[in-house]
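In: Pasting the sequence and the predicted coordinates here, then a few questions.
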Amino acid sequence: MLNTLELKASIENFAQLSDRWHNIAASWDLNSALINKIDVCLEEIYVNIASYAYDDKEGTAKISFDKQDNEITLKFEDEGIYYNPLQKEDPDITLSLEERPIGGLGIFMVKEISKDIEYKREDNKNILILKFGID
Amino acid sequence: MSNIEKKKFGTEELLVKLSGRIDVTSTPEIEQEVNPELDSISYLTIDMGDVNYISSVGLRAFLSFQKKITPNGQMRIVNIKPEVLEIFKMVGFDKVLNIN
């Protein structure tokens, strides 16, 4: 059940990655709400890699999708600068319209959607593993 | 892919009908279409009836529209699908945006 895709880490390539996810998800017979929530996580993490991991240089992002029983695992690997998204502070989502900053929601959404997140730095790689339960 | 349809009622009211995905690819186009209108209108309605996906970049754009229009006007979001509404609720946007 393991599917892996390695691509140049650019924003333009997100559409290709998302299409691949939807094809995999269809073969796994998942419901559309879960497919879209995992797509949100895919977008947040991938866009972060594409935007920040390599500064102005080119680099790749490797994404693996796996399903075992009632659990889906997404693994992201890049060889960019050290970045542990779990160290990012959560936004205060109770603030008023005037007080709320415009950004800072992406990683928070990933934390809310996934049931387990692990970050590792190995061999100069950022490795982020997200797990999702299937209802 | 996302599609954007705009309809103006008089000089003060704008209806924006979005469809498809509101993601990192489509959000810049939506911002390009909506932002220039925000100074001159008082009512912005965003019809989300055919939207099935939104990510943080899309949510950020919606919050920015709301902040820009708030001093002089109102924004409302209509026809939102339950699974898209769930994403708005996840980040507390159901409390700061006018969704019906």
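Out: Okay, I see it.
In: Please count neighbours and contacts with C-alpha atoms only from this point.
Out: Fine.
In: Do you have the strands of chain B handy? List them.
Out: B:2-9, B:13-22, B:43-54, B:74-78 (DSSP state E).
In: Next, format these as a markdown table and append distance to chain A.
Out: Formatted as a markdown table, the strands of chain B follow (distance: least, Cα to the nearest Cα, whole Å):
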| stretch | distance to chain A |
| --- | --- |
| strand B:2-9 | 12 |
| strand B:13-22 | 10 |
| strand B:43-54 | 6 |
| strand B:74-78 | 13 |
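In: check contacts around residue A:5.
Out: Counting by Cα atoms under 8 Å, 6 or more residues apart in numbering or on different chains, residue A:5 touches A:17, A:62-64.
In: Now do residue A:124 against residue A:117, distance only.
Out: Going from residue A:124 to residue A:117 by Cα to Cα, to the nearest Å gives 19 Å.
In: Show me what residue A:133 is bridged to.
Out: residue A:71 (DSSP bridges).
In: out of everything not next to it in sequence, what's closest to the residue of chain A most remote from its centre?
Out: With distances taken as Cα atoms, centre = their mean, the residue sitting farthest from the centre of chain A turns out to be residue A:98, at 29.3 Å. Sequence neighbours aside, residue B:67 is the residue nearest to residue A:98 in space, at 7.3 Å (criterion: Cα to Cα, 6 or more residues apart in numbering or on different chains).
In: cool, and residue B:73?
Out: residue B:42 (4.1 Å).
In: Between residue A:124 and residue A:117, which has more neighbouring residues?
Out: For residue A:124 versus residue A:117, the count of surrounding residues by other Cα atoms under 10 Å in any protein chain shown is larger for residue A:117: 17 against 12.
In: May I have the secondary structure class of that one?
Out: Per DSSP: H, G, I helix; E, B strand; the rest coil, the local secondary structure of residue A:117 is strand.
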